[in-house]
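1. Provided below for reference: sequence and predicted model.
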Amino acid sequence: MDDLLLYVVADRVARITLNRPEKRNALNLGIRRQLVDALREAERDDDVAVVLLDAAGPSFSAGYDLSDPKTDTPPGWVDSVHFNSWSDQFGRSVFRDWMVIWDLMKPVVAKVQGYCLAGGAELMSMCDIVFVADDAVIGYPAMRAQSTPDAPFFPWKLSMAQAKYLQLTGNSVSGKEAAELGWVAKSFPADELDDQVQRLLRPLSQVDPALLAANKASLNQAYEQMGMRAHLGGAWQLHGLSARYRERSGEFKEISGRDGVKAATEWRDGAFRREGFTP
């Protein structure tokens, strides 16, 4: 697990790189634990003003790695006979991990290329500023068959019309479309993305970290007063109900186990794909 993340500090920027390119940076428990540790390390480091979150390889993240066995109990995961049968500890752990970004006293800038799906879209959406490649693919197709989101960010990042459209359909949008919808700050041609992110980071990293922290807290306070933390914190209940107790909740897993993941995703996405929606 030593190389799941890369961490480098230079020019007042802590760069955290997801480093599972062979798995499209799927988010297993190990990479999530290391990400939380890296974020807290950057927060403690007085030589860091801004955090950059990016990813190795052609894609930012294909989502949660559900095939990864839970060989140990991660911090904050209540593995108990009293709770396992009815509470959604995975959903609770997702909320706990991604709120580290929200609560961090330093701004987190995300640079996104390629596929950014499901858990990857949750991670991206919790960052403070997001720049994406025009041709990135961003969405949450799992909502078509598996469950509600672990971190239902849609109402907080988009208008009601677009939030309902994307969460109910599970459709994806390009990076360019995501910028036009206001989901992300800006999009750029893929070959310009690195330069444009650096163009922001150079002056941003020179701002007084105390002032950056105050401005971030001021913005976050407004959303928390509107109920964002309470909404995200209670999401595990609907996630658990929709993933476990819905009459057809096991179909995707059954098809995947019997015929393979490719067959299961075709069952889930085929009707949308035939109409030209992606992925």
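-> All right, it came through fine.

2. all contacts plus neighbour counts: C-alpha atoms, from now on.
-> Noted.

3. Strands of the stretch 151-279 of the chain, start to end?
-> Along the stretch 151-279 of the chain, the stretches classed as strands by DSSP state E, counting those that start in this stretch are 172-174, 186-188.

4. Dump those into JSON lines; add distance to Gln113 and mean pLDDT as well.
-> Putting these into JSON lines (distance: least, C-alpha to C-alpha, whole Å; pLDDT from 0 to 100) gives the following:
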{"stretch": "strand 172-174", "distance to Gln113": "10", "mean pLDDT": "97"}
{"stretch": "strand 186-188", "distance to Gln113": "10", "mean pLDDT": "98"}
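
5. what's the closest of the ones you listed to Tyr165?
-> Among the strands of the stretch 151-279 of the chain, the nearest to Tyr165 by C-alpha to C-alpha is strand 172-174 (10.3 Å).

6. Okay, now the sheet partners of that closest one, with direction.
-> strand 137-139 (antiparallel) (DSSP bridges).

7. thinking again about what came up before, dump the strands of the stretch 151-279 of the chain into TSV; add distance to Leu166 and mean neighbour count as well.
-> Listed next are those as TSV, based on distance: least, C-alpha to C-alpha, whole Å; neighbours: other C-alpha atoms under 10 Å:
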stretch	distance to Leu166	mean neighbour count
strand 172-174	7	21
strand 186-188	19	22
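
8. So for Pro69, what's the pLDDT?
-> At Pro69, the predicted lDDT confidence score is 59.

9. how far away is Leu123 from Trp156?
-> Taken as C-alpha to C-alpha, to the nearest Å, the spacing of Leu123 relative to Trp156 amounts to 14 Å.

10. which of these two has more neighbours?
-> In this comparison of Leu123 against Trp156, neighbours counted by other C-alpha atoms under 10 Å, the higher total goes to Leu123 at 24 against 17.

11. how close does the more buried one get to Asp79?
-> From Leu123 over to Asp79 the distance is 24 Å, taken as C-alpha to C-alpha.

12. Throw the strands of the stretch 151-279 of the chain into JSON lines and include distance to Arg40, thanks.
-> Converted to JSON lines, those look like this (distance: least, C-alpha to C-alpha, whole Å):
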{"stretch": "strand 172-174", "distance to Arg40": "31"}
{"stretch": "strand 186-188", "distance to Arg40": "27"}
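
13. Trp236: which of those strands is closest?
-> Across the strands of the stretch 151-279 of the chain (criterion: C-alpha to C-alpha), the nearest stretch is strand 172-174, sitting at 22.9 Å.

14. Quick check, central residue of the protein?
-> The chain has Leu123 as the residue nearest its centroid, 1.8 Å off, counting by C-alpha atoms, centre = their mean.

15. ok, back up a step: name the residues contacting each of Leu123 and Trp156.
-> By the contact definition C-alpha atoms under 8 Å, 6 or more residues apart in numbering, Leu123 and Trp156 are jointly contacted by no residue.
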